[in-house]
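Visitor: show me how the following folds:
(one chain, ligands or ions: 2)
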Amino acid sequence: MKKIVIFFFLAVTAHAMEKKSEPIRPLPVNIKDNNPEKTKLGFLLFNEKKLSANNTISCASCHALNAMGVDGLAKSVGIHGAAGAVNAPTVFNSGLNFVQFWNGRAKTLEDQIDGPLQYPKEMGNSWEQAVAKLNQDKRYREAFSSIYSDGITVSNIKNAIAEFERQLQTPNSKFDRYLRGEMVLSELEEGGYRRFKSLGCISCHQGQNIGGNMFQTMGVMGDYFKDRKDMSQTEDDLGRYLVTKRDRDKFVFRVPSLRNVEKTAPYFHDGYAKTLEQAVDIMGRYQLGQKLSRRDINAIVAFLKTLTGETPAVLNRLEK
Ligand code: HEC
Ligand code: HEC
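Guide: Ligands and ions are numbered 1, 2, ... in the order given. Okay, here's the model as predicted:
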């Protein structure tokens, strides 16, 4: 009887705590898969090395599906061992970002795919070759023609991959469950969230993806690029400027999502920060003009770790 009363009490208080006015929204618990056949084809293509010029690299080579959609490297390694120019962001939840890439040069997941497929340092391929190679494979000919009336085309390849990617959401993080009033955070984690808001991190990292919805300068309060040790400035440090050629877009980047950030080291477009502690310290200095205390950093890192969600359900369905 006592247990039931306590449970009832907890359930009621949890319900009363539903956090509707918070600046971060939880991910949906379930997402609909309107076309499982496309999703499955997209999954095959995402893992398909034939999409690279010499059949050695797939999308998954740099966006490991069993490692939160990243490769764990400061800068990715592409075809013929070519060193990439920037850090590979995760593909998990990337469909929720308002634009794709660090400098936002692609609007949609479909458009994004032109990049890696043709980029000489990633898959180094041409669409003509990619379509021709898939056409030699009976499995693909059948799979495409059962879904698309015009069979294997560039836009159908992009469509299938993007449909698969849109399924890669990571629901039910501890923080999302806290927002829904289903569980409590530890004192340290909750304190970290309060600091995240009161310091102003939330003015840039916010919304459903806790980032991914605006462009901001890296180094609002100081010259991050000059202070960076053992790394000279590169063209890609110019960020959004490369897309718009407007001076005010120099060093401007899409604010990254912080979901699963615990699992996606190293950090920033240049892969410069090796740990979350270092990334938070740098954010304090260069985005807020504050040297954060050890205590604040520890609390914020504890909060950031509550943003780790579940493996996307689509992978459990497809990988068995
Ligand atoms: C050689 C490594 C490599 C390969 C192969 C690769 N990517 Fe990427 N991916 C990257 C890097 C690096 C970036 C960031 C580039 C930038 O922002 O300029 C990126 C960015 C992305 C993004 C944008 C995410 C975001 O939030 O901005 C998506 C989506 C993506 N890749 C999907 C794919 C798909 C689909 C394929 C296969 C067709 C693929 N990638 C192949 C390294 C790779
Ligand atoms: C003025 C906007 C702004 C503010 C304020 C801000 N950030 Fe950021 N944050 C960014 C941008 C832009 C980047 C990407 C910088 C880059 O890659 O060069 C970033 C990157 C990050 C990253 C690395 C994510 C990744 O995947 O590489 C973390 C972690 C982070 N911020 C945490 C914080 C924390 C914690 C605070 C508060 C102490 C904060 N940010 C305040 C804009 C901001």
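Visitor: could you pull out the helices in the stretch 101-250 of the chain for me?
Guide: All helices of the stretch 101-250 of the chain, identified by DSSP state H, counting those that start in this stretch, fall at 109-112, 114-118, 127-135, 138-147, 154-166, 174-179, 187-199, 224-227, 241-244.
Visitor: using JSON lines, please lay out those helices together with mean neighbour count, distance to ligand 2 and mean pLDDT.
Guide: Glycine gets a C-beta too; all of them are placed from N, C-alpha and C. Shown next, in JSON lines, are these (neighbours: other Cβ atoms under 10 Å; distance: least, Cβ to the nearest ligand atom, whole Å; pLDDT from 0 to 100):
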{"stretch": "helix 109-112", "mean neighbour count": "19", "distance to ligand 2": "17", "mean pLDDT": "96"}
{"stretch": "helix 114-118", "mean neighbour count": "18", "distance to ligand 2": "17", "mean pLDDT": "91"}
{"stretch": "helix 127-135", "mean neighbour count": "16", "distance to ligand 2": "29", "mean pLDDT": "96"}
{"stretch": "helix 138-147", "mean neighbour count": "15", "distance to ligand 2": "34", "mean pLDDT": "97"}
{"stretch": "helix 154-166", "mean neighbour count": "22", "distance to ligand 2": "17", "mean pLDDT": "98"}
{"stretch": "helix 174-179", "mean neighbour count": "21", "distance to ligand 2": "14", "mean pLDDT": "98"}
{"stretch": "helix 187-199", "mean neighbour count": "17", "distance to ligand 2": "5", "mean pLDDT": "98"}
{"stretch": "helix 224-227", "mean neighbour count": "15", "distance to ligand 2": "7", "mean pLDDT": "96"}
{"stretch": "helix 241-244", "mean neighbour count": "16", "distance to ligand 2": "13", "mean pLDDT": "96"}
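Visitor: dump those into TSV; add distance to ligand 1 as well.
Guide: Listed next are the helices of the stretch 101-250 of the chain as TSV, based on distance: least, Cβ to the nearest ligand atom, whole Å:
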stretch	distance to ligand 1
helix 109-112	5
helix 114-118	3
helix 127-135	9
helix 138-147	15
helix 154-166	5
helix 174-179	19
helix 187-199	21
helix 224-227	17
helix 241-244	9
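Visitor: mind putting those helices in a markdown table, distance to Ile31 included?
Guide: Formatted as a markdown table, the helices of the stretch 101-250 of the chain follow (distance: least, Cβ to Cβ, whole Å):
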| stretch | distance to Ile31 |
| --- | --- |
| helix 109-112 | 14 |
| helix 114-118 | 24 |
| helix 127-135 | 27 |
| helix 138-147 | 20 |
| helix 154-166 | 8 |
| helix 174-179 | 13 |
| helix 187-199 | 25 |
| helix 224-227 | 36 |
| helix 241-244 | 30 |
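Visitor: near ligand 1, which residues of the protein?
Guide: Applying Cβ under 6 Å from any ligand atom, we find that the chain lies next to ligand 1 at 51, 57, 59, 61-63, 76, 78, 84, 86, 88-89, 91, 94, 97, 100-102, 109, 112-113, 116-117, 122-123, 161, 165.
Visitor: how long is stretch 221-241 end to end?
Guide: End-to-end distance of stretch 221-241: 19 Å, with Cα to Cα, to the nearest Å as the criterion.
Visitor: and it, what's buried?
Guide: By 16 or more other Cβ atoms under 10 Å, the buried positions in stretch 221-241 come out as Tyr224, Phe225, Arg228, Asp236, Asp237, Leu238, Gly239, Arg240, Tyr241.
Visitor: give me the nearest residue to the first one, chain neighbours excluded.
Guide: In this case it means Tyr224. When the adjacent residues along the chain are set aside, Tyr224 lies closest to Tyr286, with 4.5 Å between them (Cβ to Cβ, 6 or more residues apart in numbering).
Visitor: thought Met218 was touching that neighbour, still the case?
Guide: Yes: using Cβ atoms under 8 Å, Tyr286 is in contact with Met218, at 7.0 Å.
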